[in-house]
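Asks: generate a structure from the sequence data that follows.
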Amino acid sequence: MCFFFAACLSYDGPSSIREIYDMNLIRNILYQFLGRRYTQFFINILWTMLQVDEKQRPDFNQLQMMFQLY
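Replies: Got it, this is the predicted structure:
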């Protein structure tokens, strides 16, 4: 959530994203607010980090590997 809000600092980002559990809706919000400023790679990383199910969220080692591949 911190990365999402930091990425939205220059936008009127949705403050109620914490209450959304539909991951397709979250992805749409990310593209709506961040699509013109950030790469698809970065938006996909944010979307992955916002997964509701903690088993689907990457840990720090997995995130490091994702960024190294980029």
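Asks: all contacts plus neighbour counts: C-alpha atoms, from now on.
Replies: Will do.
Asks: other SSEs contacting the longest helix along the chain?
Replies: Longest helix of the chain, by residue count under DSSP state H: helix 23-34. Counting contacts by 3 or more Cα pairs under 8 Å, 6 or more residues apart in numbering; DSSP states H and E, helix 23-34 is packed against helix 40-49.
Asks: how about 10 Å then?
Replies: Where contact means 3 or more Cα pairs under 10 Å, 6 or more residues apart in numbering; DSSP states H and E, helix 23-34 is packed against helix 2-7, helix 40-49.
Asks: those helices: lowest mean pLDDT?
Replies: For these, mean pLDDT drops lowest on helix 2-7, to a mean of 68.
Asks: centroid residue for the protein?
Replies: In the chain, the centroid-proximal residue (Cα atoms, centre = their mean) is Leu46; its distance is 2.1 Å.
Asks: so it is in contact with Arg27, correct?
Replies: Yes. Between Leu46 and Arg27 there is a contact at 9.0 Å, judged by Cα atoms under 10 Å.
Asks: what stretches of this protein score poorly on pLDDT?
Replies: Where the chain drops to pLDDT under 70, the residues are 1-18.
Asks: what's near enough to touch Asp59?
Replies: Met49 (Cα atoms under 10 Å, 6 or more residues apart in numbering).
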